[in-house]
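Trainee: Got a predicted structure here, sequence first:
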Amino acid sequence: MKIEFFEKIRGDSPVEDFIINKLEPKDQKKVVRALDRIEQEQDGLMNLFKAEYAKKLEKDLYELTPDKVRILFTLKDRICWLLHIFFKKTNKTPIKELNLARERKNLIFNK
C-alpha cells in the first residue's frame, strides 16, 4: 500500500517534520518499521489490525501505534494518508488530536 504524508498549503508535512525533528533515532526506527508494515500490505491493513499495530477510531480514521507515538491516518484510493502524529500520554486519543486529524482528513477527501 502506498503511503503519503499530508501536506499543508505551503508544502510542509507536519508528520514528516515530527518524525525527523522530534523523535530520537531509536524511535524514528520504530516509526519507520511501522510504516514499512503498511507499505508491505497488499490487501488493506487487516494484518496490522489483527496484530494490534493499528486500530480504527471512527469512520475513515485510524491510529497506528508504534511505541511512544500515535500516528492518525486515513485511507483513500488505496493510499494511506498520514494525517497527524503526537506523543502518547494516555490510552485514550485526546479530542484535540482527533479534531486536527479530522480536519486534515476532510481536506484529503475533498480534493
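Mentor: Noted; the coordinates are in hand.

Trainee: For the chain, name the helix or strand with the lowest mean pLDDT.
Mentor: Confidence across the helices and strands of the chain bottoms out at helix 46-50, with a mean of 66, counting by mean pLDDT, DSSP states H and E.

Trainee: Just after it, pick out the following helix or strand.
Mentor: Sequence-wise, the next helix or strand downstream of helix 46-50 (DSSP states H and E) is strand 54-58.

Trainee: Buried ones in that next one, by neighbour count?
Mentor: 54, 57 (16 or more other C-beta atoms under 10 Å). C-beta coordinates here come from the backbone N, C-alpha and C atoms, glycine included.

Trainee: so how far is whatever helix or strand comes next after that strand off the chain centroid?
Mentor: Helices and strands here follow DSSP H and E; after strand 54-58, the next one along the chain is strand 61-64. Its chain's C-alpha centre lies 6 Å from the corresponding centre of strand 61-64 when counted by C-alpha atoms, centre = their mean, to the nearest Å.

Trainee: Same check on stretch 79-86?
Mentor: Shown here is stretch 79-86, whose average C-alpha point lies 3 Å from the average C-alpha point of the whole chain (C-alpha atoms, centre = their mean).

Trainee: Is it correct that Thr65 is in contact with Leu57?
Mentor: No - applying C-beta atoms under 8 Å as the test, Thr65 and Leu57 come out as separate, 11.1 Å apart.

Trainee: so what's Ile108 up against?
Mentor: Neighbour list for Ile108: 6, 74, 76, 81, 83 [criterion: C-beta atoms under 8 Å, 6 or more residues apart in numbering].

Trainee: Nearest to Ala101 among those residues?
Mentor: Each of the contacts of Ile108 was checked against Ala101 using C-beta to C-beta; the closest is Leu83, at 4.5 Å.

Trainee: Out of the contacts of Ile108, which end up buried?
Mentor: Judged by neighbour count, with buriedness set by 16+ other C-beta under 10 Å, the buried members of these are 6, 74, 81, 83.
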